[in-house]
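Colleague: Got a sequence here, can you build the structure:
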Amino acid sequence: MGDYVTPGEEPAQPGIYRSEQMCLAQLYLQSDAAYQCVAELGELGLVQFRDLNPDVSSFQRKYVNEVRRCDEMERKLRYLEREIKKDQIPMLDTGENPDAPLPREMIDLEATFEKLENELREVNKNEETLKKNFSELTELKHILRKTQTFFEEVDHDRWRILEGRGNSVPDDERPLIDIGGQSDLDNISGGDISRMAMLKLGWRYNVRQFWHEDLIASSENTGMVGASRMNSFEVDDQTRFNDDTSPLKLQLRFVAGVIQRERLPAFERLLWRACRGNVFLRTSEIDDVLNDTVTGEPVNKCVFIIFFQGEQLKTKVKKICEGFRATLYPCPDTPQERREMSIGVMTRIEDLKTVLGQTQDHRHRVLVAASKNVRMWLTKVRKIKSIYHTLNLFNIDVTQKCLIAEVWCPIAELDRIKMALKRGTDESGSQVPSILNRMETSEAPPTYNKTNKFTKGFQNIVDAYGIATYREINPAPYTMISFPFLFAVMFGDLGHGIIMFLAALFFILKEKQLEAARIKDEIFQTFFGGRYVIFLMGVFSIYTGFMYNDVFSKSFNLFGSSWQNSIPESTLEKPLDPESTFMLIPELAYAGTPYPVGVDPIWNVAEANKLSFLNSLKMKMSVIFGITQMVFGVLLSYQNYIYFKSDLDIKYMFIPQMIFLGSIFVYLCLQIIVKWLVFGAAADSVFGYQYPGSNCAPSLLIGLINMFMMKDRKAGFVDESGQQIDQCYLSTWYPGQSFFETIFVLVAIACVPVMLFGKPYMLWKAEKERREAGHQQLSYAEIVLVVLAVVQVPIMLFAKPFFLYKRSKKQTNYQNLHNHNNHDESVRADMNGDDVEVVHAPETQPKPAGGHGHGHGDGPLDMADTMVYQAIHTIEFVLGCVSHTASYLRLWALSLAHAQLSDVLWTMVFRQCFAADGYLGAVLTYFIFFIFGTMSVFILVLMEGLSAFLHALRLHWVEFQSKFYGGLGYEFAPFSFEKILAEEREAEEQL
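Modeller: As a prediction, the model looks like this:
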């Protein structure tokens with residue numbers, strides 16, 4: 001493309017066709033005014049800062065502490081935001097954009113956030129503790145209630161069971177758990193068997209009378225809520241054990257607790273297997289849904305009570321309970337104690353409800369007050385953070401009083417940038433003005449294309465291929481027309497175009513409401529973001545559908561058909577074979593004047609040759625559109641060459657490419673147009689040749705092949721006797737056609753070596769001339785060196801003796817001077833020049849490196865790379881012209897596919913409802929129309945629309961933009977609060 005143009009040398013052109021002119025500038029800001037100046041530039045959003053400390057770690061920069069403070073404030077605000085969302089409190093978001101706070105306001109914000117966070121964390125901690133206590137007391141309430149019911153059932157049933165029990169089996173031989181023999185089971189109901197198992201735990205000691213309270217030695221203190229209260233209910237085990245009349249010598253114990261319902265089956269199995277059946281388990285479901293004491297989530301739980309004997313079983317039971325995360329609670333021995341404990345638990349529950357309600361009300365008030373400002377606080381903190389992050393890109397001078405920055409900015413906006421710096425300096429109260437100094441550089445600036453809500457969608461389509469090289473032609477203005485047009489060529493249907501148009505129109509008319517709704521759905525955002533692209537695609541589809549005369553596969557006869565019935569009525573009245581077809585003879589049926597606009601509606605009912613006619617029409621039309629767009633792309637490359645002052649590219653790239661395209665492909669387009677205009681159905685004289693009729697219309701495809709093969713062809717369509725010759729469609733149809741086509745092919749072939757070798761040869765020639773000029777200058781330098789060498793001979797002979805004589809006369813002065821020079825001066829020779837300098841500095845001071853850097857275009861010509869680069873571009877263009885022309889045939893293929901799918905949907909779906917009459921036909925019409933409409937929207941509009949969109953995208957990226965668009969630039973990324981806040985909001989919505 002040529003070398004990059006220096007900003008000062010750029011010709012003025014409208015910004016819509018090329019990216020904005022950019023310049024590199026230095027900013028000199030006083031330390032006190034730097035914060036406010038950067039804040040004003042962030043509000044403006046027209047400056048891209050460069051990092052002047054690339055080798056410095058992020059943790060070693062000047063303002064890293066301020067950035068950390070901002071991160072901490074942002075963390076606290078996110079915590080507040082999560083708590084507000086957890087309580088489903090709406091956050092006030094007025095869309096207000098507050099100014100960035102002053103640095104001194106940062107301390108006040110930190111104090112406010114710290115106070116809110118501490119208060120909220122304390123309230124949350126208290127609420128969590130209260131909820132945990134409430135949950136534990138609720139579980140204890142259910143345990144006391146269920147165990148009381150359990151013991152009451154045992155009191156009611158045990159004497160009835162014991163009265164019918166014998167003890168014929170010796171006590172020592174009885175098992176630990178025994179529910180009796182078969183005779184006992186016959187007399188005991190199924191509900192009493194479980195109770196019998198518990199009573200048998202004491203049967204082996206021949207206990208005849210005991211109350212259920214005496215079964216319990218003690219209830220173990222498990223450390224749960226209520227344990228301290230349970231201490232008052234505990235009984236001295238040793239005292240009861242010493243009583244010989246008490247059956248508590250058995251040392252039977254029990255534990256009670258709650259467990260999650262889904263863990264109960266596995267808990268029972270493990271308990272039975274681990275304890276070998278030597279425990280008795282009783283469970284009861286809790287009807288209420290409880291909150292887990294750890295997670296706070298609602299769970300279903302069951303109350304259980306386990307009876308066991310001995311310390312070993314006690315240890316096993318507790319470990320199993322811990323493994324299943326069962327919660328154990330103390331349970332008193334006597335009914336009186338259980339009742340008293342239940343009353344105390346209920347009293348504490350009521351007190352907790354009151355305190356918990358007050359705590360939640362206080363928390364709600366804190367969150368409601370915070371919700372009114374949290375969005376504004378987040379905006380302020382993010383602005384402060386972005387300002388300090390930008391200040392970390394600055395350099396600090398040695399006096400620590402000035403900050404230096406380098407920025408890319410549009411030249412057209414320099415006045416606005418200077419005004420923003422002035423406002424920042426005034427607001428900070430600084431007396432030293434901020435300075436903006438333009439710099440000259442050979443570095444390529446970033447690419448900045450101004451967009452609005454209409455052009456942004458098309459610019460995104462172009463940028464998705466690659467960001468434009470600085471100041472090269474921007475394809476977006478041309479894409480605004482060509483992209484929806486090529487889409488419509490493939491999608492052309494007036495009905496489907498109206499559906500697309502109305503959908504996009506709804507998005508445009510309701511865009512403010514839809515933007516405010518902040519819908520997160522990705523598919524919706526895709527369609528909404530491209531609403532103006534879809535709008536134009538719908539408009540152009542309506543136009544092409546009108547030209548195709550195609551509305552849901554039907555046609556409109558608006559202006560009257562140009563064809564008439566030429567078949568006699570007598571033939572039509574005869575009985576006809578269902579397989580027979582009629583053909584309208586053009587010489588008889590065609591009126592001679594074409595249909596005024598678009599395709600004649602008669603072709604919609606021509607079932608035999610409808611596809612043949614439309615295929616020929618759309619295929620030729622696709623070739624014309626494609627070659628036209630390719631030629632336009634090459635013409636745009638000429639604008640790039642002119643702008644970048646690349647004469648070699650104009651002479652050896654643009655001109656050969658235009659000749660190559662014109663000799664073959666433009667010539668083909670001219671043949672198509674001439675064939676449409678000249679060759680008709682009737683016999684006539686064409687370019688001096690007798691034309692018999694439509695069967696001799698020239699075949700352009702075979703003619704193009706014969707053109708490249710340079711075959712000899714007959715001239716004209718009839719022989720000397722006036723008879724039509726065989727394969728007359730292969731003959732030449734204008735005088736000198738073979739000669740001109742041969743010239744065109746030879747000229748096109750000759751353009752290839754010009755494109756391949758022309759530019760590399762001229763570059764090599766220029767490099768050779770430069771080297772020869774350098775050699776000529778070197779010869780002059782050799783003469784000068786010879787003269788200097790001759791002059792040095794007398795100097796070497798007489799200089800040293802002369803200075804020795806002078807030194808002997810002034811030994812003392814010279815010695816002092818010599819000592820002074822040895823300590824304070826050093827003689828240095830610049831190896832890159834002819835000068836010797838005296839530097840008043842220590843000898844150990846490092847000498848700056850000499851030489852110069854090689855900018856863009858410096859250095860010798862690499863001929864191999866140049867040839868490879870040129871060969872790639874030449875081959876790509878030559879072969880691309882052929883492949884790209886064939887690629888444009890997708891316009892014809894997709895248009896045909898869309899029309900056929902629409903016809904199939906009408907014929908196979910909607911037309912079926914017309915076969916029924918009466919009420920059934922009316923019902924079927926509504927029902928089938930719903931199916932037809934749904935399939936039309938989802939298949940023909942959405943799926944086919946997406947397919948046409950992707951093909952149009954490929955045609956622009958590959959076939960069109962490859963002719964002139966480099967796409968090797970990088971995007972202008974200005975420091976903008978609006979952009980930063982939008983990205984942060986988008987990141988929040990994706991979480």
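Colleague: Would you mind measuring from the spatially most central residue of the chain to residue 949?
Modeller: Nearest to the mean C-alpha position of the chain, by C-alpha atoms, centre = their mean, lies residue 522 at 9.2 Å. Distance, residue 522 to residue 949, by C-beta to C-beta, to the nearest Å: 17 Å. Placement of C-beta: from N, CA and C, glycine included.
Colleague: same check, this time on residue 691
Modeller: For residue 691 relative to residue 949 (C-beta to C-beta), the value is 43 Å.
Colleague: mind checking the SS state of residue 29?
Modeller: strand (DSSP: H, G, I helix; E, B strand; the rest coil).
Colleague: which residues touch it?
Modeller: By C-beta atoms under 8 Å, 6 or more residues apart in numbering, residue 29 lies in contact with 37-38, 394, 402-405, 421, 434.
Colleague: Quickly list what the closest residue in space to residue 969 that isn't next to it in sequence is bridged to.
Modeller: Nearest non-adjacent residue to residue 969, counting by C-beta to C-beta, 6 or more residues apart in numbering: residue 447, 4.0 Å away. Note on residue 447: beta-bridge partners by DSSP bridges are residue 971.
Colleague: so where is the stretch 401-550 of the chain shaky, pLDDT-wise?
Modeller: Scanning the stretch 401-550 of the chain for pLDDT under 70 picks out no residues.
Colleague: And the helices in it?
Modeller: Ranges of helices in the stretch 401-550 of the chain, per DSSP state H, counting those that start in this stretch, are 414-428, 456-465, 476-491, 494-509, 511-517, 522-529, 531-548.
Colleague: Residues in contact with the last one: which ones?
Modeller: Contacts with helix 531-548, where a contact means C-beta under 8 Å, 6+ apart, come from 453-454, 457-458, 461, 480, 483-485, 487-489, 491-505, 507-508, 511, 527, 551, 597-599, 895, 899, 945, 949.
Colleague: 6 Å - rerun?
Modeller: 454, 457, 484-485, 487-489, 491-494, 497, 500-501, 504, 507-508, 598-599 (C-beta atoms under 6 Å, 6 or more residues apart in numbering).
Colleague: So which residues of the stretch 651-800 of the chain form helices?
Modeller: Using DSSP H, counting those that start in this stretch, helices in the stretch 651-800 of the chain cover 655-661, 667-678, 700-709, 737-809.
Colleague: now the second one, how far from the chain's geometric center?
Modeller: The gap between the average C-alpha position of helix 667-678 and the chain average comes to 47 Å, counting by C-alpha atoms, centre = their mean, to the nearest Å.
Colleague: How about the contacts made by residue 366?
Modeller: By C-beta under 6 Å, 6+ apart, residue 366 lies in contact with residue 120.
Colleague: wait, is it part of a helix?
Modeller: Yes: Residue 366: assigned to a helix according to three-state DSSP.
Colleague: what's the spacing between it and residue 140?
Modeller: 31 Å.
Colleague: ditto for residue 735
Modeller: Residue 735 is 113 Å from residue 140, by C-beta to C-beta.
Colleague: Residue 153 now?
Modeller: Using C-beta to C-beta, one obtains 20 Å as the distance from residue 153 to residue 140.
Colleague: more crowded one of these two?
Modeller: Neighbours were counted for residue 153 and for residue 140 using other C-beta atoms under 10 Å; residue 140 has more, 27 against 16.
Colleague: So the more buried one sits against residue 330, correct?
Modeller: No: using C-beta atoms under 6 Å, residue 140 makes no contact with residue 330, being 8.3 Å away.
Colleague: if we can go back for a sec, neighbours around the residue nearest to residue 969, how many?
Modeller: Neighbours of residue 447 using other C-beta under 10 Å come to 23.
Colleague: still on that earlier bit, between the helices of the stretch 651-800 of the chain, which one is closest to residue 986.
Modeller: helix 655-661 (43.8 Å; C-beta to C-beta).
Colleague: Centre of the chain to the closest one, how far?
Modeller: With C-alpha atoms, centre = their mean, you get 41 Å for helix 655-661.
Colleague: Mind pulling up the pLDDT for the nearest residue to residue 704 once chain neighbours are set aside?
Modeller: Spatial nearest neighbour of residue 704, excluding adjacent residues (C-beta to C-beta, 6+ apart): residue 668 at 6.2 Å. pLDDT for residue 668: 94.
Colleague: how near is residue 668 to residue 885?
Modeller: 8 Å.
Colleague: Can you get me the start-to-end distance on stretch 593-605?
Modeller: End-to-end distance for stretch 593-605: 20 Å, by C-alpha to C-alpha, to the nearest Å.
Colleague: What mean pLDDT does it get?
Modeller: On average, stretch 593-605 scores 89.
Colleague: just stretch 760-768 next, same as before
Modeller: 86.
Colleague: Tabulate the CA atom coordinates of it in CSV.
Modeller: This file holds the C-alpha atoms of stretch 760-768, laid out as CSV (Å, rounded to 0.1, in the frame of the first residue of the first chain):
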residue,chain,number,x,y,z
PRO,A,760,9.8,-5.3,-7.4
TYR,A,761,12.0,-4.3,-10.4
MET,A,762,11.4,-0.6,-9.8
LEU,A,763,12.2,-1.0,-6.1
TRP,A,764,15.4,-2.9,-6.9
LYS,A,765,16.4,-0.2,-9.4
ALA,A,766,15.8,2.6,-6.9
GLU,A,767,17.8,0.7,-4.3
LYS,A,768,20.6,0.2,-6.8
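Colleague: Could you point out the helix or strand that follows the helix or strand where residue 270 lies?
Modeller: Here residue 270, judged by DSSP states H and E, is contained in helix 264-274. Downstream of helix 264-274, the next assigned helix or strand under DSSP H and E is strand 280-285.
Colleague: Run me through the strand neighbours of that following strand, direction for each.
Modeller: strand 301-309 (antiparallel).
Colleague: Okay, angle between the very next helix or strand once past the strand it pairs with and helix 264-274 too, please.
Modeller: Downstream of strand 301-309, the next assigned helix or strand under DSSP H and E is helix 311-323. Angle between the axes of helix 311-323 and helix 264-274 is 150 degrees (criterion: axes from the mean of the first three to the mean of the last three C-alpha atoms, to 10 degrees).
Colleague: what's the distance between the helix or strand just after helix 311-323 and the middle of its chain?
Modeller: Using DSSP H and E, the next helix or strand after helix 311-323 towards the C-terminus is strand 327-329. Put simply, strand 327-329 sits 51 Å off its chain's centre (C-alpha atoms, centre = their mean).
Colleague: pLDDT on strand 327-329, on average?
Modeller: Strand 327-329 comes out at a mean pLDDT of 88.
Colleague: packing partners for that strand?
Modeller: Helices and strands touching strand 327-329, by 3 or more C-beta pairs under 6 Å, 6 or more residues apart in numbering; DSSP states H and E, are strand 252-260.
Colleague: what's in contact with the strand it packs on?
Modeller: With contact meaning C-beta under 6 Å, 6+ apart, strand 252-260 is reached by 139, 143, 147, 201, 215, 217, 267, 299, 301-303, 305-309, 324, 326-329, 331.
Colleague: From the chain's centroid, how far away is it?
Modeller: On C-alpha atoms, centre = their mean, the centre of strand 252-260 falls 56 Å from that of its chain.
Colleague: residues of it that come out buried?
Modeller: 252-260 (16 or more other C-beta atoms under 10 Å).
Colleague: who's in contact with residue 38?
Modeller: Contacts of residue 38 (C-beta under 6 Å, 6+ apart): 387, 390.
Colleague: so it is in which element?
Modeller: helix 31-44.
Colleague: quick check: angle from that helix to helix 414-428?
Modeller: 130 degrees.
Colleague: what mean pLDDT does helix 31-44 have?
Modeller: 93.
Colleague: Also stretch 693-708?
Modeller: Stretch 693-708 comes out at a mean pLDDT of 90.
Colleague: what about that stretch, how long is it end to end?
Modeller: End-to-end distance (C-alpha to C-alpha), stretch 693-708: 27 Å.
Colleague: And the contacts of that stretch?
Modeller: With C-beta under 6 Å, 6+ apart, stretch 693-708 has contacts from 671, 679, 681, 683, 717, 728-729, 733, 741.
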